[in-house]
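S.K.: Let's see this in three dimensions:
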Amino acid sequence: MVSRRTSLQTLAVSLPFMAWLFAPLKSPQAKPGKGLVGRWGGQLVAGSVTLRLVLEVGDGQLPVLFSIDQGAQPIPADDGTVGDTEMDVTFSAIKGRLAVKLSDQGVLEGTWSQGRALPVTLSRLAEGAVPEKSGLEDLGDLQAEVTAGQTKYQIPALVGGFQIMQGKAIEAREAVAGQLSVTDPTPVQTGQLWHVGSITKSMTATLVARLIERGLLAWDMKLWQAFGELAPTMFPAYRDRTLADLMTGQTGMPTNLSPFDMLAQAGMDSPREGRLLWVKKAFALTPESGMVYPNNGYVLAGALCEAVTGKAYEDLMVEEVFKPLNMASAGFGPPPSGNPQGHRKALLGGRLIGVGHDRGADNPASMAPAGGVHIAIPSLLSFALAHSLGHQGQRSDYLKTETWRYLHTPPPKADYAFGWVKRPDGSLWHNGSNTYWLAELSFDPEKSMAIAAVANRFDSDEAVGRVMAAASGEATTRLAKT
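M.R.: Model prediction:
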């Protein structure tokens, strides 16, 4: 089974361009009521990821957070407020925010935000106790989980699938349930198109790898060498960072442009021209500390590919990635009419609304290298399986084996590689969302196996996680029979 663990830091891998914004906090203040003081624990579920959390609240102090599945090191809150029955605090070290309130049932209920808000419930713990691990013993087969998840979580459409290599033959499965949108009862079919958000990053990294093998780029090229002509006034701290740093979140460049600049991008007619402006704006941003999720980094990487080839990023992707890796269904922007729609909640009442198929149903088109691909599940799985086979030395016709493996290797003391999160069990995973969809993709670098799941509403973490687990279990079982 694919591991359900990853780090708190990498839960933010699907940042849409507006979801990262936090409301302003008040001045730090810690005056917890007696009902809050003590030890609390619970689970944070984000798709196929589950983390056990412990929160310690002391008298007159901001709380301290522990992630039990990641070494249980203390993560102190350093800003926010704690009152009689509620708290709203931030943990700058991991760019997280916890906002919870004591309920009538005596539990803390609210959200954990780290790129996007996830529901969390914390119950009282005895001294020294930790939350129990959740199990997935009740999983059904793939089709059963897709059908149950679509119904239980009121998702308009849900899909899951896997591909495995058995000898020289590829075995594949795709399971779907639901309808195209809340207002279109047309049943969803296999082979239709789904938006996969930030999973696009690994595709952009694959394009960059192709150009590197041709000698047009280099992983270790300095950013002033790569972008000097496009951004002659870049912030000095970026100059000696490398292209590899840019794509693994190691430059400190903020995740996104300012909200004003993002809105300006949405109004541009030419994605390529938008990316040229994006380069200048991004290199003028003040760097942050630590690993920073690289939405900006991938948009810049796409612009660099355009600069060294003279071709549009979208055309390069078709020529260099989609065609040779059997991804004929892939395209950019929201899926066209006749396919599932993404969904959002109405501002008043929370009613689910389909967002349609026009350009307003996605992030700015210039942001495509960071998260703008739509694709059918068989094509998506073909891409991930190519990465698995390449890692094993079976796709040197496309990239050198050492290049494949480089794409799957995070920097030292990190788990974010080139559009992939390396998980404790060795699998590579990523998710994606433009706030209207939720997608996950994973592959095993040793077992010739790829799994995927997509929902056309973004708050479908548990359903998508169960579908991923069911796909992994079924694929593993079939591999074991060979």
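
S.K.: For the closest residue to residue 364 other than its chain neighbours, grab phi and psi.
M.R.: Closest residue to residue 364 apart from its sequence neighbours, by Cβ to Cβ, 6 or more residues apart in numbering: residue 265 at 3.9 Å. The way it works is simple: take the backbone N, C-alpha and C, and place the C-beta from them, glycine included. Main-chain dihedrals, residue 265, degrees, to the nearest 10: phi -60, psi -40.

S.K.: Show the residue spans covered by the strands in the stretch 351-482 of the chain.
M.R.: Applying DSSP state E, counting those that start in this stretch to the stretch 351-482 of the chain gives strands spanning 352-354, 373-376, 421-422, 428-432, 438-444, 449-455.

S.K.: now the ones you listed as a markdown table including mean neighbour count?
M.R.: Shown next, in a markdown table, are the strands of the stretch 351-482 of the chain (neighbours: other Cβ atoms under 10 Å):
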| stretch | mean neighbour count |
| --- | --- |
| strand 352-354 | 18 |
| strand 373-376 | 27 |
| strand 421-422 | 20 |
| strand 428-432 | 27 |
| strand 438-444 | 28 |
| strand 449-455 | 31 |
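
S.K.: Can you say which of those strands is nearest to residue 146?
M.R.: For residue 146, the closest of the strands of the stretch 351-482 of the chain is strand 449-455, at 8.1 Å, according to Cβ to Cβ.

S.K.: which other helices and strands contact the closest one?
M.R.: Judged by 3 or more Cβ pairs under 8 Å, 6 or more residues apart in numbering; DSSP states H and E, the packing partners of strand 449-455 are strand 157-166, helix 377-391, strand 438-444, helix 461-480.

S.K.: closest to residue 92 out of the ones you listed?
M.R.: Of the helices and strands packed on strand 449-455, nearest to residue 92 by Cβ to Cβ is helix 461-480, at 24.5 Å.

S.K.: how far off strand 428-432 does the closest one point, in degrees?
M.R.: Here helix 461-480 points in a direction 150 degrees away from that of strand 428-432 (axes from the mean of the first three to the mean of the last three Cα atoms, to 10 degrees).

S.K.: about what we covered before: looking at the helices and strands packed on strand 449-455, which is buried most?
M.R.: strand 438-444 (a mean of 28; mean count of other Cβ atoms under 10 Å).

S.K.: chain center to it, what's the gap?
M.R.: In terms of Cα atoms, centre = their mean, to the nearest Å, the centre of strand 438-444 is set 9 Å apart from its chain centre.

S.K.: May I have that strand exported as PDB, CA atoms only?
M.R.: This file holds the C-alpha atoms of strand 438-444, laid out as PDB (Å, rounded to 0.1, in the frame of the first residue of the first chain):
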ATOM      1  CA  LEU A 438      -8.600  17.500  -6.100                       C
ATOM      2  CA  ALA A 439      -6.200  15.000  -7.800                       C
ATOM      3  CA  GLU A 440      -3.500  12.600  -6.500                       C
ATOM      4  CA  LEU A 441      -0.900  10.700  -8.400                       C
ATOM      5  CA  SER A 442       1.700   8.200  -7.100                       C
ATOM      6  CA  PHE A 443       4.100   5.700  -8.500                       C
ATOM      7  CA  ASP A 444       6.400   3.000  -7.000                       C
END
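
S.K.: So which residues make contact with that strand?
M.R.: Residues from elsewhere that reach strand 438-444 (Cβ atoms under 8 Å, 6 or more residues apart in numbering): 2, 14, 47-48, 194-197, 199, 202, 380, 384-385, 387-388, 426-433, 449-455, 457-461, 464-465, 468, 472.

S.K.: what does stretch 203-222 give?
M.R.: The contact list for stretch 203-222 (Cβ under 8 Å, 6+ apart) reads 226, 239-244, 247, 298, 301-302, 304-305, 308-309, 313, 316-317, 320-321, 325, 330, 369-370, 373, 383, 387, 399-400, 403, 406-407, 418-419.

S.K.: out of those, which are inside helices?
M.R.: 226, 243-244, 247, 298, 301-302, 304-305, 308-309, 313, 316-317, 369-370, 383, 387, 403, 406-407 (DSSP state H).

S.K.: Separate out the buried members of those.
M.R.: Burial by neighbour count, 16 or more other Cβ atoms under 10 Å: within these this picks out 226, 243-244, 247, 298, 301-302, 304-305, 309, 313, 316-317, 369-370, 383, 387, 403, 406-407.

S.K.: got the domain boundaries for this structure?
M.R.: Using automatic domain parsing, the domain ranges for the chain come out as 9-124, 138-482.

S.K.: Now do the shortest one, average pLDDT.
M.R.: When pLDDT is averaged over domain 9-124, the result is 78.

S.K.: So which bits of the helix or strand hosting residue 89 are buried?
M.R.: Using DSSP states H and E, residue 89 maps to strand 86-91. Buried residues in strand 86-91, counted by 16+ other Cβ under 10 Å: 86-91.

S.K.: Next, count neighbours for residue 114.
M.R.: For residue 114, the count of nearby residues is 23 (other Cβ atoms under 10 Å).

S.K.: Throw the strands of the stretch 351-482 of the chain into a markdown table and include distance to residue 364 and mean pLDDT, thanks.
M.R.: Conversion of these to a markdown table gives the following (distance: least, Cβ to Cβ, whole Å; pLDDT from 0 to 100):
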| stretch | distance to residue 364 | mean pLDDT |
| --- | --- | --- |
| strand 352-354 | 20 | 96 |
| strand 373-376 | 14 | 98 |
| strand 421-422 | 25 | 94 |
| strand 428-432 | 16 | 97 |
| strand 438-444 | 19 | 97 |
| strand 449-455 | 21 | 98 |
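
S.K.: could you dump those to TSV with distance to residue 217?
M.R.: Output for the strands of the stretch 351-482 of the chain, formatted as TSV (distance: least, Cβ to Cβ, whole Å):
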stretch	distance to residue 217
strand 352-354	40
strand 373-376	21
strand 421-422	23
strand 428-432	22
strand 438-444	24
strand 449-455	27
